[in-house]
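Student: Sharing a model that was predicted from the sequence below.
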Amino acid sequence: MWRLGSCLKHGLGTERDEKEAVKCFRESAKNGSAQGFYELANCYLDGEGTTKNKRYFKKYLQSAADRGHVDAGLKLADLYEQEGTPESTTKAFELIKKIVQRTGRKDGREKLAGYYGRGIGVEKQTGNAALLDLQSSSRSEGPSSRDSGKRRISEIWDETQGKDQCVERSKRERRKTTEKTDQLQTLSSKRIRTKQQRSYSF
């Protein structure tokens, strides 16, 4: 039912009708659909097919998150964080931690690393922030992203003065990054020389 609502909301294959879309999302939510609750929550957030209502937005977002909807959980954590109370920030931290444990989502890992690094909802722990940052970077695409993550983790480890293991690992990561950069530069130089030699042969 929520798929029909989505088509009505965006005018996909049918005439756009946001009010009918809300009815579909509501019916889907009544049947226990996490996506139905999530779509209904967004309608109340943006005032699409209904009036804006932050209370209903949070209510239905919570219902979607309770049923395992990851995007709903991420948005709900943002709401908890914005409230800024010790209780709400703890809820945000616990929610994101569960999402990461269950799904391993990259954006969830990044958010959890930020919570650890800034002490949001949990005691500040730069080591945990660093490890999550590295894990997140290691799974992203492209060597430049991974190298950036390693440089970032080195900076975090350096903040933990007096911890020899952290400082030593920071040095190792920087050394690896430098060696890799040198290898790429050497390979690039060889390719340039090869092209030049080929051009001279003509």
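Tutor: It's in.
Student: Keeping just the C-alphas, turn stretch 88-103 into PDB.
Tutor: Extracted C-alpha coordinates of stretch 88-103, given in PDB (Å, rounded to 0.1, in the frame of the first residue of the first chain):
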ATOM      1  CA  SER A  88      17.800  12.500  25.000                       C
ATOM      2  CA  THR A  89      21.500  12.400  24.000                       C
ATOM      3  CA  THR A  90      21.800   9.000  25.700                       C
ATOM      4  CA  LYS A  91      18.800   7.800  23.700                       C
ATOM      5  CA  ALA A  92      20.500   9.100  20.500                       C
ATOM      6  CA  PHE A  93      23.700   7.300  21.300                       C
ATOM      7  CA  GLU A  94      22.000   4.000  22.100                       C
ATOM      8  CA  LEU A  95      19.800   4.200  19.000                       C
ATOM      9  CA  ILE A  96      22.700   4.700  16.700                       C
ATOM     10  CA  LYS A  97      24.800   2.100  18.400                       C
ATOM     11  CA  LYS A  98      22.000  -0.500  17.800                       C
ATOM     12  CA  ILE A  99      21.700   0.500  14.200                       C
ATOM     13  CA  VAL A 100      25.500   0.100  13.700                       C
ATOM     14  CA  GLN A 101      25.500  -3.300  15.400                       C
ATOM     15  CA  ARG A 102      22.600  -4.500  13.400                       C
ATOM     16  CA  THR A 103      23.300  -3.100   9.900                       C
END
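Student: residues making contact with that stretch?
Tutor: With contact meaning C-beta atoms under 8 Å, 6 or more residues apart in numbering, stretch 88-103 is reached by 65, 68, 70, 73-74, 76-78, 80-81, 83, 105, 108-109, 111-112, 115, 120-122, 132. To be clear about C-beta, it is placed using only N, CA and C from the backbone, and glycine gets the same treatment.
Student: Tell me the buried residues within these.
Tutor: Buried members of these, counted by 16 or more other C-beta atoms under 10 Å: 65, 70, 73-74, 76-77, 80-81, 105, 108-109, 111-112, 115, 120-122, 132.
Student: Return the subset of these lying in helices.
Tutor: 65, 70, 73-74, 76-77, 80-81, 108-109, 111-112, 115, 132 (DSSP state H).
Student: pLDDT-wise, what's the bottom of those residues?
Tutor: Confidence by pLDDT is poorest for Leu132 among these, given 63.
Student: who touches the residue nearest to Lys75 when sequence neighbours are not counted in this structure?
Tutor: Spatial nearest neighbour of Lys75, excluding adjacent residues (C-beta to C-beta, 6 or more residues apart in numbering): Leu61 at 5.8 Å. Contact partners of Leu61, counting by C-beta under 8 Å, 6+ apart, are 37-38, 41, 72, 75-76, 79.
Student: Buried subset of those residues as a PyMOL selection?
Tutor: To isolate the buried members of the contacts of Leu61 in PyMOL, using 16+ other C-beta under 10 Å:
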select buried, resi 37+38+41+72+75+76+79
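Student: Is it possible to get JSON lines of the contacts of Leu61 that adds distance to Ile96?
Tutor: Formatted as JSON lines, these follow (distance: C-beta to C-beta, whole Å):
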{"residue": "Phe37", "distance to Ile96": "19"}
{"residue": "Tyr38", "distance to Ile96": "17"}
{"residue": "Ala41", "distance to Ile96": "18"}
{"residue": "Ala72", "distance to Ile96": "12"}
{"residue": "Lys75", "distance to Ile96": "11"}
{"residue": "Leu76", "distance to Ile96": "10"}
{"residue": "Leu79", "distance to Ile96": "12"}
